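[1] okay, predicted coordinates and the sequence, questions at the end:
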Amino acid sequence: EDQVTQSPEALRLQEGESSSLNCSYTVSGLRGLFWYRQDPGKGPEFLFTLYSAGEEKEKERLKATLTKKESFLHITAPKPEDSATYLCAVRALDSSASKIIFGSGTRLSIRP
Amino acid sequence: DGGITQSPKYLFRKEGQNVTLSCEQNLNHDAMYWYRQDPGQGLRLIYYSQIVNDFQKGDIAEGYSVSREKKESFPLTVTSAQKNPTAFYLCAAQGINQPQHFGDGTRLSIL
């Protein structure tokens, strides 16, 4: 069964303290891995799409990387405004072209 | 402004009542989706539609119904058969070979 697991569930960092969020996936074949940011009471906001192992994408203090079994969202020198829940999702080769599977997210809190 | 609009932001349902959540998009995307989000859980797919006048059940369709009469609109009805409807409901739209983009959700509670 296709599955997406995110860890840790919650992460508290001091401002400027770099760290990484993990997204492990088991799918028959990957058609795309997506990272989203979700603020409380809001819908997820798209960040990145990754398609193949070795691929990397960057945006401001965030960098997403992909291997054959997992993806990392690296956050460098975070600021309080980076506090949010970060969601990972995958689209599998054998699924409907439209269906994606979401992980349960990592709640990131950055203290000033 | 291009985007996805969900309304209302908050909704309350009485016992035995059906309620309808609105989702409108002006992105001209063919595919639209409804998800349910519960605390500490990922998004779970309720229904999706890849084209007007066609839709498919997702993983948790029981107690819900949808229609897709227009490309820009994909309303979700939470029926009285849904025994645990309290949740945050998210609508998304997707273009070809693009990621899904989301509205800002409707929070449904039981009176």
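    Perfect, thanks for sending it. Residues are numbered from 1 along each chain as shown, chains lettered A, B, ... in the order given.

[2] can you check the pLDDT for the residue nearest the centre of chain B?
    Centroid-nearest residue in chain B, with CA atoms, centre = their mean: B:W34, separated by 3.2 Å. The score at B:W34 is 97. That number is its pLDDT.

[3] what does A:A97 give?
    56.

[4] and the gap between B:K71 and chain A?
    Computed with CB to the nearest CB, to the nearest Å, the distance linking B:K71 and chain A is 15 Å. Where C-beta positions appear, they are placed from N, C-alpha and C, glycine not excepted.

[5] just to revisit the earlier point, which element is the closest residue to the residue nearest to the centre of chain B other than its chain neighbours on?
    Once flanking residues are discounted, B:W34 sits nearest to B:I46: 4.3 Å by CB to CB, 6 or more residues apart in numbering or on different chains. Secondary-structure assignment from DSSP states H and E places B:I46 in strand B:43-51.

[6] could you say what helices and strands that strand packs with?
    Where contact means 3 or more CB pairs under 8 Å, 6 or more residues apart in numbering or on different chains; DSSP states H and E, strand B:43-51 is packed against strand B:31-37, strand B:54-57, strand B:64-66.

[7] tell me the most buried of those?
    Comparing these by mean neighbour count (mean count of other CB atoms under 10 Å in any protein chain shown), strand B:31-37 ranks first with a mean of 25.

[8] strand B:43-51 and that one, what's the angle between them?
    Angle of strand B:31-37 versus strand B:43-51, following axes from the mean of the first three to the mean of the last three CA atoms, to 10 degrees, is 160 degrees.
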